[in-house]
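Asker: Below is the sequence, then the predicted model.
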Amino acid sequence: MKKYLPLFASLILGIAMHTAHANTAAAVQPPYDEQADAPAVVQQALAQAKSSHKKVLVIFGANWCKDCIELNKSIHGQSAALIDKQFVLVKVDVGQFDKNLALAQSYGNPIKKGIPAAVVLNPDNTVLYATKGGELSNARRMSEQGVYDFFHQIVSAHP
């Protein structure tokens with residue numbers, strides 16, 4: 001039995017290290033795909049929204065932005081059911097305010113006063129709502145309830 005103990009310990013350590021690495025890799029997945037073709041992704045979301053009778057929620061942000069990271073957590077936290085029921089969600093990376101600027105401009109430049117910024121679109125690509133004054137740029141200070149209330153108010157105003 002003693003000669004198998006080191007082998008057993010090595011096996012357990014290997015499994016633990018593999019699991020820790022897998023969990024770390026999953027946890028580190030950034031919310032904004034820096035390589036995505038954002039206009040194409042928005043077009044796909046519009047088609048999906050049309051067939052599912054939803055609206056499109058476009059969130060402009062960046063992986064370096066702490067408020068963007070916090071908003072992403074809230075969107076997948078308390079607000080997840082509301083978002084999933086009402087919207088096809090698209091996250092658009094703006095880099096260092098040097099990417100996807102034409103797309104943001106086409107929706108009224110919601111990132112002008114900061115990120116994260118949100119745009120709600122009908123499936124025909126018309127704008128129902130767009131942040132104009134940096135409404136989400138303080139997402140770190142908004143509670144999950146505050147983020148939920150923000151999106152609930154948009155849904156209520158644009159049924």
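Answerer: Right, received. Where do you want to start? What you see is a predicted model, and the numbers here were worked out from it, not measured in a lab.

Asker: contacts, neighbours, all on C-alpha from now
Answerer: Fine.

Asker: Tell me where this protein has strands.
Answerer: Using DSSP state E, the strands of the chain run over 55-61, 87-93, 117-121, 127-130.

Asker: Out of those strands, flag the one nearest residue 138.
Answerer: Among these, strand 117-121 comes nearest to residue 138, with 10.4 Å by C-alpha to C-alpha.

Asker: Residue 110 contacts residue 132, doesn't it?
Answerer: Yes. Using C-alpha atoms under 8 Å, residue 110 makes contact with residue 132 at a distance of 5.2 Å.

Asker: Who has more neighbours out of these two?
Answerer: Using other C-alpha atoms under 10 Å as the criterion, residue 110 and residue 132 rank with residue 110 on top: 24 against 17.

Asker: ok, residue 103 - contacts?
Answerer: Residues near residue 103 by C-alpha atoms under 8 Å, 6 or more residues apart in numbering: 38-39.

Asker: just to revisit the earlier point, switch the strands of the chain over to CSV; also include mean neighbour count.
Answerer: Shown next, in CSV, are the strands of the chain (neighbours: other C-alpha atoms under 10 Å):
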stretch, mean neighbour count
strand 55-61, 26
strand 87-93, 23
strand 117-121, 25
strand 127-130, 18
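
Asker: Which one of those lies nearest to residue 39?
Answerer: That would be strand 87-93 among the strands of the chain, by C-alpha to C-alpha, at 8.9 Å.
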